[in-house]
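In: Dropping a prediction and its sequence here:
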Number of protein chains: 2
Amino acid sequence: MVGPSRFMSLLSSFELGIVDKLRETPGLTAEQLGEAAGTKPDVVEQLLFLLVKEGFVAHDEAAGTYRLDALADVPVSDLNRALAYMDLIKVTALRQLFYLTESARTGTVVGLKELYGAEGTLYDAVADHQDLNDSWLKLMNNVTANIDPWFFDNIDVPAGSRVLDVAGNTGLGAIHTYRYKSSPGLKVTTFDLPDKETEALANFKAEGLEEHLSFIGGNVFDEIPKGFDVVLIKHFLDMFDKSDVIRILEGVSKSLEVGGQVNILVPVYPEDIKDTDNYNVDFFPAFFIGCTMGQGGPQKLSTYERWLEECGFKVTKAITKNASEIPPDVIPVQAILTATKVA
Amino acid sequence: MVGPSRFMSLLSSFELGIVDKLRETPGLTAEQLGEAAGTKPDVVEQLLFLLVKEGFVAHDEAAGTYRLDALADVPVSDLNRALAYMDLIKVTALRQLFYLTESARTGTVVGLKELYGAEGTLYDAVADHQDLNDSWLKLMNNVTANIDPWFFDNIDVPAGSRVLDVAGNTGLGAIHTYRYKSSPGLKVTTFDLPDKETEALANFKAEGLEEHLSFIGGNVFDEIPKGFDVVLIKHFLDMFDKSDVIRILEGVSKSLEVGGQVNILVPVYPEDIKDTDNYNVDFFPAFFIGCTMGQGGPQKLSTYERWLEECGFKVTKAITKNASEIPPDVIPVQAILTATKVA
């Protein structure tokens, strides 16, 4: 019940610079911290009650001073990753979730419309609103940087393959594919909406990979281009309700020859939904329905396997990233599914 | 980190009527629940993942049906009380907390200004905005109904006393005082801003108590009326920073003769701030600073005792309501302080 208050008390303690100040100078009073943060000392005392309760910060009552407790042991790089998540949740979700019920009923992101006058999805709105873009991109870059090595380590891209990165945005996935799975004759094509083409081609050129990488403009729900051996679908299927996931998988199936491969990277719910290590359940339903798409959300790995089989694939690999290998502040527990077109 | 998402997934499951529908008819599918809720079945499945994780709802995977699990055992009256809190947090806090850092810096409720164009406090804004008023009043009435019997059981109001209820709003506290502490000659006066007078007097009349109850208009920070034996300060001190709490206590001290009594009802933080039974720490700092006042928040009982002593009182009683007597869904852990003016 007090989730939103706890969330913002903690984040605000960082935003006000209180935590950084204590890292720099342990043993400051509420007066000194208030001066640094630009607040009354009363505010510092109030916000730090929670951080003291949680053992993040220690309070010497006799001296009236504070110092970092558990937070002193957290590497700044880990903290920054957690703070990028918290900023994403604050900027793209906190206010928007007020409208979750209306979003659920209408299948649209009511919060984006109410707060930003935006009619589409978060992916549309980031283009027009710098605050959404800043908060979103920072996290997406983090997620991609952390998960792509694991994805490419666990998929097979035969030498000289023609690879299609479905919903590949402005080409980062294609670039990563080329870098991680390089082979003579490897060609990677980004497939996304036509308005991504200019930036994708510029990105390929900036990397010096314009000979090996290309772009095809189109809509995944119309027709998926033919002529590829391997299809990648990363960070995408979880955005849609079942009927659209099936349309995408059927489209991929239609585009491939028998024997062609699809490799999917997607967050999944645990098979035992009560598994407490996996926070996807706690986060994604409200996030997709209320904040980004007005629909969608991850499924269990077994559900994606079943849907792939229904669309003419044989699943040859289905693995979930081990929660123990994921820092506790990272929400998505990701999975890889590899499947071969059989009919 | 996922606090806001969890909060709204749970609340939205109630708002959509999914929980009520399952109470009425156990064993429904996502399709049937979606039809009742006016959503796609996909949305029902997504939101219920969390309720299944938490054991509130059970899912029969083979049959694809849901029924209430732990929620089946919760009396509806308890649920309604918890939902009143959740609605209060949603309406008065969720979006507003986005601006907590700016509120902390400016000492104003930035969220109310941004979302409602309201310049003052939540207490001002409820008068102009029905949604805030509905959500706020429902809870306040709940809180008062639940805590006032305990308060009046634990304070002494000598027969025939003249009682002043400081910041008594529209007279409910005066009415309760008369009902709970009735004695020949007892007179109770509500002291609050002059614009509360008409409604207070109407309330006294509606109760048939106009002979015993009266109203004085004024501002607690200017001068507190003299001529009273017992002063009550309920649900008020936690709204202010230290300097204003001291001004109020000094004002009460000045208004009383030596031997006069003050009885305070206020939520408190536990003496051991790490006590996990007490959620005041998790909720109130962000709520007062970011959502209602732009300042304030409860203190420890020992802090209020110290401040009373600094203002010329001797504390004769200081008790905190036992957390085990408070339903787990009720946030405020309240305390009573009784003190006698000594100098």
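Out: Happy to help now that I have it.

In: In the stretch 1-150 of chain A, where is pLDDT below threshold?
Out: By pLDDT under 70, the stretch 1-150 of chain A has no low-scoring segment.

In: In it, what residue spans correspond to helices?
Out: Secondary structure of the stretch 1-150 of chain A, counting by DSSP state H, counting those that start in this stretch: helices at A:3-15, A:18-24, A:30-37, A:41-53, A:76-89, A:100-106, A:110-116, A:122-128, A:130-153.

In: Any idea which of those gets closest to chain B?
Out: Chain B sits nearest to helix A:3-15 of all the helices of the stretch 1-150 of chain A, at 2.6 Å, using CB to the nearest CB. Any C-beta I mention is one placed from the backbone N, CA and C, and that applies to glycine too.

In: what about the closest one, near chain B?
Out: Yes: using CB under 8 Å from any CB of the partner chain as the criterion, contacts between helix A:3-15 and chain B involve A:3, A:4, A:5, A:6, A:7, A:8, A:9, A:11, A:12, A:15.

In: Now do the SS call for residue A:266.
Out: Assigned by DSSP: H, G, I helix; E, B strand; the rest coil, the conformation of residue A:266 is strand.

In: That one: how many residues sit nearby?
Out: If you count neighbours by other CB atoms under 10 Å in any protein chain shown, residue A:266 ends up with 21.

In: do the same with residue A:227
Out: For residue A:227, the number of neighbouring residues by other CB under 10 Å comes to 11.

In: ok now do the residue nearest to it when sequence neighbours are not counted, which residues does it touch?
Out: Leaving aside its sequence neighbours, residue A:227 sits nearest to residue A:162 (CB to CB, 6 or more residues apart in numbering or on different chains; 6.5 Å). Taking CB atoms under 8 Å, 6 or more residues apart in numbering or on different chains, we find residue A:162 in contact with A:187, A:189, A:227, A:228, A:229, A:230.

In: For residue A:231, see how far away residue A:293 is.
Out: The spacing between residue A:293 and residue A:231, counted by CB to CB, to the nearest Å, is 22 Å.

In: got it, and residue A:205?
Out: With distances defined as CB to CB, the gap from residue A:205 to residue A:231 amounts to 24 Å.

In: cool, and residue A:325?
Out: Using CB to CB, one gets 26 Å for the distance from residue A:325 to residue A:231.

In: can you list the residues of the stretch 101-250 of chain A near chain B?
Out: Contact residues (CB under 8 Å from any CB) of the stretch 101-250 of chain A with chain B: A:101, A:104, A:105, A:107, A:241, A:242.

In: Skipping its backbone neighbours, what lies nearest the first one in space?
Out: In other words, residue A:101. residue B:15 (4.3 Å).

In: so how far is chain B from residue A:91?
Out: Note on residue A:91: its distance to chain B, by CB to the nearest CB, to the nearest Å, is 8 Å.

In: I should have written residue A:164 there, sorry.
Out: The gap separating residue A:164 from chain B is 27 Å, by CB to the nearest CB.

In: Nearest residue to residue A:308 in space, please, no chain neighbours.
Out: What sits nearest to residue A:308 in space, not counting adjacent residues and going by CB to CB, 6+ apart, is residue A:339, at 4.7 Å.

In: Using the three-state scheme, assign that neighbour.
Out: Under the three-state scheme (three-state DSSP), residue A:339 adopts strand.

In: Narrow the contacts of residue A:162 to those in strands?
Out: When DSSP state E defines the strands, the subset of the contacts of residue A:162 inside them is A:187, A:189, A:230.

In: Out of those, which is nearest to chain B?
Out: Each of those was checked against chain B using CB to the nearest CB; the closest is residue A:230, at 29.1 Å.

In: Identify the bridge partners of the closest one.
Out: Note on residue A:230: beta-bridge partners residue A:163, residue A:261, judged by DSSP bridges.

In: Give me the neighbour count for it.
Out: There are 23 residues near residue A:230, going by other CB under 10 Å.

In: from memory it sits against residue A:257, does it?
Out: No: under the criterion of CB atoms under 8 Å, residue A:230 is not in contact with residue A:257, lying 11.4 Å apart.

In: May I have the phi/psi pair for residue A:207?
Out: Main-chain torsions, residue A:207, degrees, to the nearest 10: phi -90, psi 0.

In: cool, residue A:16 as well?
Out: Comment: the main-chain dihedrals of residue A:16 come out as phi -80, psi -10, following degrees, to the nearest 10.

In: residue contacts, it?
Out: For residue A:16, the contact set (CB under 8 Å, 6+ apart) comprises A:37, A:38, A:39, A:44, A:47, B:101, B:104, B:105.

In: State the distance from it to residue A:38.
Out: Here the distance between residue A:16 and residue A:38 works out to 7 Å (CB to CB).

In: Also residue A:24?
Out: When CB to CB is the yardstick, residue A:24 and residue A:38 sit 16 Å from each other.

In: In terms of neighbours, single out the busier of these two.
Out: Remark: of residue A:24 and residue A:38, residue A:38 carries more neighbours, 13 against 10, as counted by other CB under 10 Å.

In: for the more buried one, what are its contacts?
Out: Contact analysis of residue A:38 by CB under 8 Å, 6+ apart lists A:16, B:105.

In: Need phi/psi at it.
Out: Comment: the main-chain dihedrals of residue A:38 come out as phi 70, psi 30, following degrees, to the nearest 10.

In: Over to residue A:217?
Out: Reported as degrees, to the nearest 10, the phi and psi values for residue A:217 are phi -90, psi 140.

In: Pull the number of nearby residues for the residue nearest to it when sequence neighbours are not counted.
Out: With CB to CB, 6+ apart as the measure, residue A:194 is the residue that lies nearest to residue A:217, at 3.2 Å, once sequence neighbours are left out. Per other CB under 10 Å, the neighbour tally for residue A:194 reads 11.

In: Could you do residue A:69 as well?
Out: Look at residue A:69: counted by other CB under 10 Å, it has 16 neighbours.

In: The nearest residue to it once chain neighbours are set aside pairs with what?
Out: With sequence-adjacent residues excluded and distances taken as CB to CB, 6+ apart, residue A:69 is closest to residue A:58, at 4.1 Å. In this entry, residue A:58 is beta-bridged to residue A:67, by DSSP bridges.

In: okay, now residue A:58: neighbour count?
Out: Counted with other CB under 10 Å, the neighbours of residue A:58 add up to 18.

In: I'd say it and residue A:52 touch.
Out: Yes: with contact defined as CB under 8 Å, residue A:58 and residue A:52 form a contacting pair (6.9 Å).

In: intersection of neighbour lists for these two?
Out: Common contact partners of residue A:58 and residue A:52 (CB under 8 Å, 6+ apart): A:66, A:69.

In: Which residues are in contact with the residue of chain A most remote from its centre?
Out: Taking CA atoms, centre = their mean as the measure, the residue most remote from the mean C-alpha position of chain A is residue A:62, 44.6 Å away. For residue A:62, the contact set (CB under 8 Å, 6+ apart) is empty.

In: which non-adjacent residue is nearest residue A:319?
Out: Closest residue to residue A:319 apart from its sequence neighbours, by CB to CB, 6+ apart: residue A:336 at 5.4 Å.

In: element containing that neighbour, please.
Out: Using DSSP states H and E, residue A:336 sits in strand A:334-341.

In: same question, residue A:297
Out: Remark: residue A:297 resides in no helix or strand, with elements defined by DSSP H and E.

In: Distance to residue B:112 for the helices of the stretch 1-150 of chain A - can I get that in JSON lines?
Out: Formatted as JSON lines, the entries for the helices of the stretch 1-150 of chain A read as follows, by distance: least, CB to CB, whole Å:
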{"stretch": "helix A:3-15", "distance to residue B:112": "15"}
{"stretch": "helix A:18-24", "distance to residue B:112": "24"}
{"stretch": "helix A:30-37", "distance to residue B:112": "22"}
{"stretch": "helix A:41-53", "distance to residue B:112": "17"}
{"stretch": "helix A:76-89", "distance to residue B:112": "22"}
{"stretch": "helix A:100-106", "distance to residue B:112": "21"}
{"stretch": "helix A:110-116", "distance to residue B:112": "15"}
{"stretch": "helix A:122-128", "distance to residue B:112": "25"}
{"stretch": "helix A:130-153", "distance to residue B:112": "20"}
